[in-house]
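A.B. asks: this one's structure only:
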Ligand code: SAH
Ligand code: SF4
Ligand code: F3S
């Protein structure tokens, strides 16, 4: 067997694409290794959503240069969003890269690798367009309990800070029957949980009209043997009451919505082209909480967007205290060339951004801890995952609301569903004991 090392950066979509890359490579004699030095083929499946993501990849590309000098027959390729964005510039900058494959070309990977096995050279294919990831691309799934299932590709929203629509192309939804079949297969293979993936799952099906996201949720919920259905990401502008009802009525659809608000003031939301107001967002959260009283809500937040003032920032802190998210991913605005925000006036200074990020995280951490403390003594259903990294006698699992739970291990096995009483809630994890 030949060995492939796959470095994966960025979001779940990239993890899912990497599973489809590995699946194809298995059919041409590769197995995955975690030791880069052993590899006959190195792939970096990259992200360019922020500059820091790109810096990491450039660092890795530099490291691989020495390896390539020692092993000239080793094949080195770049895939994913940075491949799409930089295309041939990557090979100009680092000629030890053998191929660059864009985000719409995942299914071409085995073919490209076989070509390079026959004959050395450079291959660049980053055409963005009609080509689809076919539904029959083999998948080598990473975990054994949770399966990623892409339901759509691309994004139409063009938030002014974001590079994703430029590197992933327009929205394309998979056919509902293909998605359901993939979920059925995952369940047959022993998976208990699926996460339906898309940049904006709530606009699923708008292109083909065969089913909308609410329909799809109900169809996946009805797959025999499925225990948990998750989904991300939800754009607030498209989350319909039908979707809320489908979550409420589904037996296996988890009460967790990742509903990125990005910012907590109308001025900045407008500049970001998020298309909703703070008032509309709050009304949506009210509708969600009325239908799903135990829902957990999480969000993404960006500080330091061009034009952000201290007043805007204070307004956002007030907004957070009002909404009370279970947790938040917080980011410093990163200028992405080619996006409208990159050329906006009043870019915020780096030091100010960092200071605001710290203050934002402090407020959010306080809220996360308070919410978790309110779960003291409650009994929650936990899907057992396995031993924790620090201590083999302590195992981890997750609640339906996607909170990590730590508990002393007894007899339970990965994939078991158990009841845990929360004894020590903390900011990031809940500690408890089985009852
Ligand atoms: N489609 C998803 C997420 C896409 S990227 C959504 O709309 O929510 C993941 C997160 O990265 C975004 O939610 C946003 O918070 C952040 N992000 C995107 N572009 C960014 C930029 N230029 N600088 C900082 N954070 C950014
Ligand atoms: Fe980026 Fe906005 Fe699309 Fe999300 S919805 S991927 S933030 S453009
Ligand atoms: Fe990054 Fe591409 Fe995902 S830019 S966040 S890997 S869609």
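C.D. replies: Sure, I can see it. Keep in mind that this is a model prediction, so the values were computed, not measured. Ligands and ions are numbered 1, 2, ... in the order given.

A.B. asks: how about the residues of the stretch 51-200 of the chain near ligand 1?
C.D. replies: 161-162, 164, 199-200 (Cβ under 6 Å from any ligand atom). For every residue, glycine as well, the C-beta is placed using N, CA and C.

A.B. asks: which one of these sits closest to residue 77?
C.D. replies: residue 164 (21.5 Å; Cβ to Cβ).

A.B. asks: residues in contact with that closest one?
C.D. replies: 49, 81, 155, 199 (Cβ atoms under 8 Å, 6 or more residues apart in numbering).

A.B. asks: Turn those into TSV, columns for secondary structure, distance to residue 11 and pLDDT.
C.D. replies: Listed next are the contacts of residue 164 as TSV, based on DSSP: H, G, I helix; E, B strand; the rest coil; distance: Cβ to Cβ, whole Å; pLDDT from 0 to 100:
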residue	secondary structure	distance to residue 11	pLDDT
49	coil	7	98
81	helix	9	98
155	coil	12	96
199	coil	9	96
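
A.B. asks: Can you lay out those as JSON lines showing distance to residue 410 and neighbour count?
C.D. replies: Listed next are these as JSON lines, based on distance: Cβ to Cβ, whole Å; neighbours: other Cβ atoms under 10 Å:
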{"residue": "49", "distance to residue 410": "42", "neighbour count": "20"}
{"residue": "81", "distance to residue 410": "44", "neighbour count": "28"}
{"residue": "155", "distance to residue 410": "45", "neighbour count": "22"}
{"residue": "199", "distance to residue 410": "41", "neighbour count": "21"}
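
A.B. asks: so where do the helices sit in the protein?
C.D. replies: 12-27, 51-70, 81-86, 88-93, 109-118, 164-168, 176-188, 213-221, 241-249, 266-271, 278-291, 310-323, 350-373 (DSSP state H).

A.B. asks: follow-up on the earlier one: distance to residue 32 added to the contacts of residue 164, as TSV?
C.D. replies: Output for the contacts of residue 164, formatted as TSV (distance: Cβ to Cβ, whole Å):
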residue	distance to residue 32
49	25
81	21
155	29
199	27
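
A.B. asks: near ligand 2, from the residues you listed?
C.D. replies: Of the contacts of residue 164, the ones that also sit near ligand 2 (Cβ under 6 Å from any ligand atom) are 155, 199.

A.B. asks: Show me which of the contacts of residue 164 is closest to residue 349.
C.D. replies: Taking Cβ to Cβ as the measure, residue 349 lies nearest residue 49 of these, at 21.5 Å.

A.B. asks: For that closest one, give me its contacts.
C.D. replies: Residue 49 sits next to 10-11, 81, 162-164, 334, 336 when contact means Cβ under 8 Å, 6+ apart.

A.B. asks: Kindly indicate which of those residues lies nearest residue 429.
C.D. replies: Residue 429 lies nearest to residue 11 out of those, by Cβ to Cβ, at 22.6 Å.

A.B. asks: possible to save the contacts of residue 49 as TSV with distance to ligand 3?
C.D. replies: Output for these, formatted as TSV (distance: Cβ to the nearest ligand atom, whole Å):
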residue	distance to ligand 3
10	3
11	3
81	3
162	9
163	6
164	5
334	11
336	9
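
A.B. asks: are any of these buried, and which?
C.D. replies: 10-11, 81, 162-164, 334, 336 (16 or more other Cβ atoms under 10 Å).
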